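**Q** please work out how this folds:
(2 chains)
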Amino acid sequence: GAGVSQTPSNKVTEKGKYVELRCDPISGHTALYWYRQSLGQGPEFLIYFQGTGAADDSGLPNDRFFAVRPEGSVSTLKIQRTERGDSAVYLCASSSPRGSYNEQFFGPGTRLTVL
Amino acid sequence: LAKTTQPISMDSYEGQEVNITCSHNNIATNDYITWYQQFPSQGPRFIIQGYKTKVTNEVASLFIPADRKSSTLSLPRVSLSDTAVYYCLVGDSSGTYKYIFGTGTRLKVLA
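**A** Numbering: from 1, shown residues only, chains lettered A, B, ... in the order given. Purely as a prediction, here's the structure:
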């Protein structure tokens, strides 16, 4: 079946602008995660949804970052007043935790460039 | 969440077995050990997960000693296409499933 998809694949914006990044998880996956990956680094956790609610948003760097998942499937990561330091690849993952086994399926990411 | 330490990079030749060791001294009782692989311009991909002793699947084996303070990912007979970054993660199976990625091990397979 279809994997996790993310749109757009690339986004170039100017400093100070607002951007939205979309994630379509695997159908039926209740858990959804957003990560941010800078060049040469591992993915950095941002936020985790279980269903419609944000179960853990401790990784969001500041209040310019916000994410929603209103119907428990598609999620949108929103970044206000973008800064050059926000440039990174934003990864989305979904999973369907069952018992003690948790495999997160990652999308290809959205490369955000803030000029 | 337990922190992990693994080598920054490794080189190997095609056909060899590669072992990547990860240390996680502060692993908790509920934590599982998971390994992911990441190719350039792609998201990480799950390889294997285990709790103790040995786990084997079609692509790798995972060896975990009794004290669980380290683990070793074993890739049999690597090929050029195994060149990637490999991440060792430790996470609580009963909690939020939040994973903390380190910088990973950059494996380069040479012809």
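**Q** neighbours of A:Val12, how many?
**A** 12 (other Cβ atoms under 10 Å in any protein chain shown). All C-beta atoms are positioned from the backbone trio N, CA, C, and that covers glycine.
**Q** can I get the helix or strand of chain B with the lowest mean pLDDT in PDB, CA atoms only?
**A** For chain B, counting by mean pLDDT, DSSP states H and E, strand B:84-92 ranks last in confidence among helices and strands (a mean of 89). Provided in PDB are the C-alpha atoms of strand B:84-92 (Å, rounded to 0.1, in the frame of the first residue of the first chain):
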ATOM      1  CA  ALA B  84      24.000   4.600   4.400                       C
ATOM      2  CA  VAL B  85      23.700   6.100   7.800                       C
ATOM      3  CA  TYR B  86      22.700   3.700  10.600                       C
ATOM      4  CA  TYR B  87      21.000   4.900  13.700                       C
ATOM      5  CA  CYS B  88      20.700   3.100  17.000                       C
ATOM      6  CA  LEU B  89      17.700   4.200  19.100                       C
ATOM      7  CA  VAL B  90      16.400   3.300  22.500                       C
ATOM      8  CA  GLY B  91      12.800   3.900  23.300                       C
ATOM      9  CA  ASP B  92      10.100   3.100  25.800                       C
END
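**Q** please identify the buried residues of the helix or strand just after that strand?
**A** Note on strand B:84-92: by DSSP states H and E, the next helix or strand toward the C-terminus is strand B:105-110. Residues of strand B:105-110 classed as buried: B:Thr105, B:Arg106, B:Leu107, B:Val109 (neighbour count, 16 or more other Cβ atoms under 10 Å in any protein chain shown).
**Q** and these, which is closest to chain A?
**A** B:Arg106 (9.2 Å; Cβ to the nearest Cβ).
**Q** who are the contact partners of the residue lying closest to the closest one once chain neighbours are set aside?
**A** Sequence neighbours aside, B:Ser9 is the residue nearest to B:Arg106 in space, at 4.4 Å (criterion: Cβ to Cβ, 6 or more residues apart in numbering or on different chains). Applying Cβ atoms under 8 Å, 6 or more residues apart in numbering or on different chains to B:Ser9 gives the contacts B:Thr105, B:Arg106, B:Leu107, B:Lys108.
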